[in-house]
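Asks: 3D, please:
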Amino acid sequence: MTNALRIAYLMADTALSGGIRVQLAQADALIARGHRVRIVTTGLPLTWRTSQAEWIYVDDFNTYDTRDDDFVIATFWTTLAAAWAIAPEKALHLCQGYEGAFTAYQPIRAEIDAAYRLPIPKLVVARSLIDVCRQFTDDVTYIGQIVDDDFFRARTPPENAPMRVLLCGESQVDLKGIAEGYGAAAHARWFHQKFDLIRVSPWAPSREEPLDAVQEFHVALNTREMTRLVHSCDVLIAPNHREEGFGLPAAEALASGIPVVMTSIPSYRSFDDRHDYALFAPQENAVELGEKLIEVLSDADLRNRLRARGREVAEQWRSSKVAERMETAFHAEARRRGVEA
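Replies: Residues are numbered from 1 along each chain as shown. As a prediction, this is how the structure comes out:
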C-alpha cells in the first residue's frame, strides 16, 4: 500500500441530508491531502453540492469491482452487507449514528443489529458512539465529525433586531425534537422575548407544524445556502433526542460563532469535556429548553462567551484535522491486516 490511499464510499442515496454532507466533506478533505476517493452510489447524480470525488453509478453494489481500492467504506447500515460481500478484507463502517435506536427502524432492528455484527471495523464521528458500537465489535476508532470550512468565521456581524433563532431538522423525524423546539420558542415568547423563528428542513413542513409561529421556512437548501442561512442567525435551538448520533447543525453553529441551546444528550455532551460551550436542557422538555433560550436571548455577555467558547470547541472539526485522523485510522487498520509495514 502506498501513502496515497485509494478509498471508495458506498453511498446508497445522494439526497440532501446531514449524513451525506459529511461523507462528501470527508471525501473532499481526503482528496485535498492527495488520496483518490470514489463515491460508488445507487442514487441519482448529485445536484445540491459540489464534489471533487470520482463518481461511479451502479444499480447494485455487488457489481462494483474493488480490486483497485485500499478501503471500501460502508456509510449506512444498508451498505454493510454489500461492503462485506465485495471486499471483506477492505471494508470499514463509517458510523454517524446507530440506526437501530431510531423509532422508525424498530420493526427491523434485528436486521440492523445483524449488519452491525459483521466483522467490519467501525469509524465513529462522536465519542458517544464508541460504547454503542462496542456492543457489536471491539474494533472501533473515533475520527470525529467534519464541518465544512465555509462555516468557520473569525468574527460575528452585529446581531439582528429582533434576533433570529434557528431551528433545524425534519419535524417528521422524532429524534430531531422539532416539537420541543417549537415549544421552547413559544415558552420564551410567553415571557415577552421578541425574536424571529427561522426554520430549515430537508423536507417540506408537516401539517402538524405551527407555521404561524415561523417567520421564515427554508426547504432543501444546498450547502452554500445553508451556510448563508446559519450565518444570518443569532441563536440556534438544538432539541435533539438521545438517539441523535451527532447533530451536525449544532456543530456548524458553534463553528459559525452562534450561541446554542441544546439538549443534554450523549452526542452533544461529547463535544468537549468542559460543558461550557452551550446551554443544556433535558431532552423532550420544552419548558426547560425555553428557559435556557430566554437566558441566552436576555444576556449579551453570555452570548459573547458562548460564541468564543463554541469557536474553540469547533476547531476539532476542521476538515484538515478530520482527514488527518482518518489517515491515521486507515494506516493503523492496514498494519493490523498486514498490508502495510
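
Asks: Only C-alpha atoms from now on, for both contacts and neighbour counts.
Replies: Fine.

Asks: and stretch 190-198, how far apart are its ends?
Replies: One end of stretch 190-198 to the other measures 18 Å (CA to CA, to the nearest Å).

Asks: whoops, stretch 255-266 was the one
Replies: 20 Å.

Asks: do the same with stretch 157-173
Replies: 33 Å.

Asks: Need the residues that contact it.
Replies: With contact meaning CA atoms under 8 Å, 6 or more residues apart in numbering, stretch 157-173 is reached by 176-179, 181, 194-203, 205-206, 209, 230, 232-238, 249.

Asks: Show the residue spans covered by the helices in this protein.
Replies: Applying DSSP state H to the chain gives helices spanning 18-32, 77-86, 109-116, 128-133, 178-190, 223-231, 248-255, 266-269, 286-297, 300-314, 319-336.

Asks: Comparing these, which comes out most buried?
Replies: Mean neighbour count (mean count of other CA atoms under 10 Å) peaks for helix 248-255 among the helices of the chain, with a mean of 25.

Asks: Residues in contact with it: which ones?
Replies: The contact list for helix 248-255 (CA under 8 Å, 6+ apart) reads 18, 147, 151-153, 168, 230, 236, 238, 259-260, 262, 307, 310-311, 313-315.

Asks: Same list, the helices of the chain, but as CSV with distance to Thr50 please.
Replies: Listed next are the helices of the chain as CSV, based on distance: least, CA to CA, whole Å:
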stretch, distance to Thr50
helix 18-32, 9
helix 77-86, 23
helix 109-116, 31
helix 128-133, 29
helix 178-190, 29
helix 223-231, 9
helix 248-255, 18
helix 266-269, 28
helix 286-297, 35
helix 300-314, 23
helix 319-336, 15
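
Asks: Out of those helices, which gets nearest to Thr47?
Replies: Nearest of these to Thr47, taken as CA to CA: helix 223-231 at 10.6 Å.

Asks: helices or strands next to the closest one in the packing?
Replies: Helix 223-231 makes packing contacts with no helix or strand when contacts are defined by 3 or more CA pairs under 8 Å, 6 or more residues apart in numbering; DSSP states H and E.

Asks: Let me know the angle separating that helix from helix 18-32.
Replies: 110 degrees (axes from the mean of the first three to the mean of the last three CA atoms, to 10 degrees).

Asks: Give the rounded mean pLDDT of helix 223-231.
Replies: Mean per-residue pLDDT for helix 223-231: 95.

Asks: now it, how far from the centre of its chain.
Replies: With CA atoms, centre = their mean, to the nearest Å as the basis, helix 223-231 stands 15 Å off its chain's centre.

Asks: what comes into contact with it?
Replies: Contacts to helix 223-231, defined as CA under 8 Å, 6+ apart, come from residues 48-49, 150-151, 166, 252-253, 256.

Asks: Kindly report the same for stretch 80-97.
Replies: Defining contact as CA under 8 Å, 6+ apart, one finds that stretch 80-97 is touched by 10, 19, 61-62, 64-66, 69-76, 115-116, 118, 120-126, 129, 243-246, 337.

Asks: The residues you listed, buried ones only, as a PyMOL selection?
Replies: Selection of buried members from these for PyMOL, criterion 16 or more other CA atoms under 10 Å:
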select buried, resi 10+19+61+64+66+69+70+71+72+73+74+75+76+115+116+120+121+122+123+124+125+126+129+243+244+245+246
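
Asks: quick one, strands of the stretch 1-150 of the chain?
Replies: Secondary structure of the stretch 1-150 of the chain by DSSP state E, counting those that start in this stretch: the strands cover 6-11, 36-41, 54-57, 71-74, 91-95, 122-124, 140-142.

Asks: could I get these as JSON lines with distance to Phe217 and mean pLDDT?
Replies: Shown next, in JSON lines, are the strands of the stretch 1-150 of the chain (distance: least, CA to CA, whole Å; pLDDT from 0 to 100):
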{"stretch": "strand 6-11", "distance to Phe217": "29", "mean pLDDT": "98"}
{"stretch": "strand 36-41", "distance to Phe217": "30", "mean pLDDT": "98"}
{"stretch": "strand 54-57", "distance to Phe217": "32", "mean pLDDT": "98"}
{"stretch": "strand 71-74", "distance to Phe217": "33", "mean pLDDT": "98"}
{"stretch": "strand 91-95", "distance to Phe217": "30", "mean pLDDT": "98"}
{"stretch": "strand 122-124", "distance to Phe217": "32", "mean pLDDT": "98"}
{"stretch": "strand 140-142", "distance to Phe217": "35", "mean pLDDT": "97"}
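
Asks: Now render those strands as a markdown table, adding distance to Pro266.
Replies: Output for the strands of the stretch 1-150 of the chain, formatted as a markdown table (distance: least, CA to CA, whole Å):
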| stretch | distance to Pro266 |
| --- | --- |
| strand 6-11 | 27 |
| strand 36-41 | 30 |
| strand 54-57 | 35 |
| strand 71-74 | 24 |
| strand 91-95 | 15 |
| strand 122-124 | 14 |
| strand 140-142 | 15 |
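
Asks: so which of those gets nearest Phe330?
Replies: strand 71-74 (8.0 Å).
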